[in-house]
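let me see the structure of the following:
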Amino acid sequence: MGLFERLAEALNPQTEEGRDVERAQRIAAAVLLLEMAHADHRHAEEEYDEIRRQLKTHFALDDAETDDLMSAAQPKAQQSVSLYSYLKTLNEGLDPAEKRQVLEMLWRVAYADRHLDAHEEHLLRELSEMLYLPHSEFIKAKLAVTGE
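Model prediction:
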């Protein structure tokens, strides 16, 4: 690859690598949302509907893209023993405001059935800390979703 091609690739945010990073971030967010839906050991349809709504809205996806993202994330969420790599992907690629948006998405999934289980709240606190968000951001995200 010549100098001009490398410069063009570096300046173009839609390079293959850029798309791969973006896709990895989307999958990471989707995996966390699925983990949140499973935290209370119930598989409420409202939570899955909320995951789809959050992914579609947050990433400006159409229905097919949302389904594709869910299909890619579900086996990863089922096979995952640790969320570390997904959190690392988000921590390396998102600024604090974007990470707060992810936290708010997590709150929306947890609260989709209008019940906040103790396991869900515990996971929310842990994920907030692992995203290096201050407790005040945890509270703001909660208030934005629950209105409490």
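
next SSE downstream of whichever helix in the chain runs longest?
Counting residues, the longest helix in the chain under DSSP state H turns out to be helix 16-38. Using DSSP states H and E, the helix or strand that follows helix 16-38 towards the C-terminus is helix 45-58.

point out the other helices and strands that that following helix packs with.
Packing partners of helix 45-58 (3 or more C-beta pairs under 8 Å, 6 or more residues apart in numbering; DSSP states H and E): helix 16-38, helix 63-79, helix 96-110. (C-beta placed from N, C-alpha, C; glycine too.)

for the ones you listed, which one sits closest to Glu121?
Smallest distance to Glu121 across these (C-beta to C-beta): 7.5 Å, for helix 96-110.

relative to helix 45-58, how tilted is the closest one?
Per axes from the mean of the first three to the mean of the last three C-alpha atoms, to 10 degrees, the angle that helix 96-110 makes with helix 45-58 is 150 degrees.

quick check: closest non-adjacent residue to the residue nearest the centre of the chain.
Note on the chain: the residue nearest the mean C-alpha position is Ala29, at 1.9 Å, using C-alpha atoms, centre = their mean. Nearest non-adjacent residue to Ala29, counting by C-beta to C-beta, 6 or more residues apart in numbering: Val102, 5.5 Å away.

repeat for Ala112
Counting by C-beta to C-beta, 6+ apart, the residue nearest Ala112 is Glu50, at 3.8 Å.

so how far is Trp107 from that neighbour?
10 Å (C-beta to C-beta, to the nearest Å).

with Ala77 instead?
Per C-beta to C-beta, Ala77 is found 18 Å from Trp107.

show me which of these two is the more surrounded one.
Using other C-beta atoms under 10 Å as the criterion, Ala77 and Trp107 rank with Trp107 on top: 23 against 19.

which helix or which strand is home to the residue nearest to the more buried one when sequence neighbours are not counted?
Once flanking residues are discounted, Trp107 sits nearest to Val145: 4.1 Å by C-beta to C-beta, 6+ apart. Using DSSP H and E, Val145 maps to helix 135-146.

now do that helix: which elements does it pack against?
Helix 135-146 packs on helix 96-110, helix 118-130, going by 3+ C-beta pairs under 8 Å, 6+ apart.

hey, what's the angle from that helix to helix 118-130? Just curious.
Going by the same axes, to 10 degrees, helix 135-146 makes 140 degrees with helix 118-130.
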